[in-house]
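Novice: what follows is a protein structure lacking sequence information:
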Ligand SMILES: O=P(O)(O)OC[C@@H](O)[C@@H](O)c1c[nH]c2ccccc12
């Protein structure tokens, strides 16, 4: 596991505490809820022809601070009108000011597949996501290779797509070895919040067999075009789309 930054460690530790509470309610119940949930094809939406935009609902972040207040239902409907193919919703409460209620309301207000964006570190959280969303984020830096493979398999068993997020070559190899079918390259280093779109350009050739998502630091349609030219099937845009949803429409118009 990469020696990750203190913010990432703190977020993962908080997620572990929440997962323990979740688990205390009974893991069987979580399996039942996951099994009953309907699904919208997250992976299919990203794999369809043309550059897909995953538009994120994020009120704040450690790197940007407070971004802006948002009603998740209004934001979801606005993103859908602009041509987003999927939504990403932050559910981490402390540093991102998200919630499961945001996830529920965003998914209810649109027809788009929704990714639950949080610091998943436990089986219970995968099941919780499977009952409420169409995809779950697995950050490779938080797992050993064996753990990552186990969580990717679990996601497949309970019918939720897994977006495995990587930031370097080693993690890209881990994601492929774990059987990931969707890999997001985070252009932001979660240790120091530095952003380099070259990260996606460097790692993309390693990921040709899977659905490739370029995440973070995409501020203009030109940035998105650059990711497309480097092999991206999708771009995930948060802060810039929260500040200017019209950006989603400009990116969705890229052939
Ligand atoms: O706001 P940006 O620079 O467009 O980044 C969006 C998204 O990639 C970012 O929010 C993100 C990528 N991976 C994460 C993991 C946890 C929380 C957030 C993230």
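Specialist: Happy to help now that I have it. Keep in mind the model is a prediction, meaning the values are calculated, not measured.
Novice: isn't residue 55 right next to residue 82, touching?
Specialist: Yes: with contact defined as C-beta atoms under 8 Å, residue 55 counts as touching residue 82 (7.4 Å). Yep, even glycine has a C-beta here, placed from its N, CA and C like the rest.
Novice: what is in contact with these two at once?
Specialist: 245, 248 (C-beta atoms under 8 Å, 6 or more residues apart in numbering).
Novice: same drill for the two, tell me which one is more crowded.
Specialist: residue 55 (31 against 19; other C-beta atoms under 10 Å).
Novice: what are the neighbouring residues in contact with the more buried one?
Specialist: 79, 82, 84, 86-88, 237, 241, 245, 248.
Novice: the helix or strand where it lies: partners in the sheet, and parallel or antiparallel?
Specialist: Assessed by DSSP states H and E, residue 55 sits inside strand 52-57. Strand 52-57 pairs in its sheet with strand 86-90 (parallel), strand 234-237 (parallel), by DSSP bridges.
Novice: include distance to the ligand when you put these into TSV, please.
Specialist: TSV is the format used below for the strands paired with strand 52-57 (distance: least, C-beta to the nearest ligand atom, whole Å):
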stretch	distance to the ligand
strand 86-90	6
strand 234-237	5
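Novice: as a markdown table, the ones you listed with mean neighbour count would be great.
Specialist: Shown next, in a markdown table, are the strands paired with strand 52-57 (neighbours: other C-beta atoms under 10 Å):
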| stretch | mean neighbour count |
| --- | --- |
| strand 86-90 | 29 |
| strand 234-237 | 28 |
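Novice: would you turn those into JSON lines with distance to residue 23 and mean pLDDT?
Specialist: Shown next, in JSON lines, are the strands paired with strand 52-57 (distance: least, C-beta to C-beta, whole Å; pLDDT from 0 to 100):
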{"stretch": "strand 86-90", "distance to residue 23": "22", "mean pLDDT": "98"}
{"stretch": "strand 234-237", "distance to residue 23": "29", "mean pLDDT": "98"}
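Novice: got these as TSV, with distance to residue 110 columns?
Specialist: Below are the strands paired with strand 52-57 laid out as TSV (distance: least, C-beta to C-beta, whole Å):
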stretch	distance to residue 110
strand 86-90	6
strand 234-237	16
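Novice: residue 134 is nearest to which of the ones you listed?
Specialist: The closest of the strands paired with strand 52-57 to residue 134 is strand 86-90. By C-beta to C-beta, the value is 7.9 Å.
Novice: name the residues of the helix or strand following the closest one that are buried.
Specialist: Counting by DSSP H and E, the element after strand 86-90 in chain order, helix or strand, is helix 100-108. Under the neighbour-count criterion of 16 or more other C-beta atoms under 10 Å, helix 100-108 has 100, 102-107 buried.
Novice: helices of the stretch 51-200 of the chain, residue ranges please.
Specialist: 72-82, 100-108, 123-132, 145-157, 169-177, 198-203 (DSSP state H, counting those that start in this stretch).
Novice: from the contact counts, what lies against the fourth one?
Specialist: Looking back up the chat, that one is helix 145-157. helix 123-132, strand 135-139, strand 161-166, helix 169-177 (3 or more C-beta pairs under 8 Å, 6 or more residues apart in numbering; DSSP states H and E).
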